[in-house]
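*Asks:* Got a sequence here, can you build the structure:
(2 chains)
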Amino acid sequence: AQSVTQLDSQVPVFEEAPVELRCNYSSSVSVYLFWYVQYPNQGLQLLLKYLSGSTLVKGINGFEAEFNKSQTSFHLRKPSVHISDTAEYFCAVSDGYGNKLVFGAGTILRVKS
Amino acid sequence: EPEVTQTPSHQVTQMGQEVILRCVPISNHLYFYWYRQILGQKVEFLVSFYNNEISEKSEIFDDQFSVERPDGSNFTLKIRSTKLEDSAMYFCASSEPGSYGYTFGSGTRLTVV
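*Replies:* Okay, the predicted model is just below:
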């Protein structure tokens, strides 16, 4: 069975500082990894995904993530955050096309001025 | 950009009543999903639907839940006899052929009183 662990429930950071949101997964088969963002009272928006190939994946809004198979991690990073990045971020894993996504518990990113 | 549309955005219902949550997936997508998010908790998979039948369901998706694609465009989730613990945000999602692009709707907030 697959599972996702997001190690931080909340991450406070000052504007223009770098941030890393951590995600570890477990799966017995091939994995496809995703990061979604949820702004207050809104739905889930895809930030980026890893399917295969280069382990460094670039997404929208300046975010990137690195797939590390040996450490079973898929941490999300941004070199300089903005107030508008304040949101909840979810890491998710799937084991195949059409199969369900399994989500982590989410990390609330709070960007302070 | 194509969207997954969910209606209504908010619904309040009395305990024991039946509710139907509606979704219009993206037109060329073939896989459809329902997820729910209880306030403050992680996003949980309920059911996936492909080729007019359920392809996978979770333990949450018991006999009080059902899904239907009645007319080739809508995808509905019915809860037969709502309970207080069914209060949650319900998300519909769809994915396109040959891709891992899961697109989520903006959700229906269901409140059972």
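
*Asks:* Does the residue most central in space within chain B fall in a helix, a strand, or a coil region?
*Replies:* Residue closest to the average C-alpha location in chain B (Cα atoms, centre = their mean): B:W34, at 3.3 Å. Assigned by DSSP: H, G, I helix; E, B strand; the rest coil, the conformation of B:W34 is strand.

*Asks:* Mind pulling up the pLDDT for it?
*Replies:* Here, the pLDDT recorded for B:W34 equals 98.

*Asks:* Could I get the contacting residues of the closest residue in space to it that isn't next to it in sequence?
*Replies:* Nearest non-adjacent residue to B:W34, counting by Cβ to Cβ, 6 or more residues apart in numbering or on different chains: B:L46, 4.3 Å away. For the C-beta atoms, the positions are set from N, CA and C on the backbone; glycine is no exception. When contacts are counted by Cβ atoms under 8 Å, 6 or more residues apart in numbering or on different chains, B:L46 touches B:Y33, B:W34, B:Y35, B:R36, B:K57, B:S58, B:I60, B:F61, B:F65, B:L77, B:Y90.

*Asks:* Just give me the closest of those to chain A.
*Replies:* For the contacts of B:L46, the closest approach to chain A (Cβ to the nearest Cβ) belongs to B:Y33, at 6.7 Å.

*Asks:* returning to what we had before: which pair of the contacts of B:L46 spans the longest distance?
*Replies:* Farthest pair in these (Cβ to Cβ) is B:K57 and B:Y90. Separation: 14.6 Å.

*Asks:* okay, those two: which has more neighbours?
*Replies:* Higher neighbour count among B:K57 and B:Y90: B:Y90, with 22 against 17, using other Cβ atoms under 10 Å in any protein chain shown.
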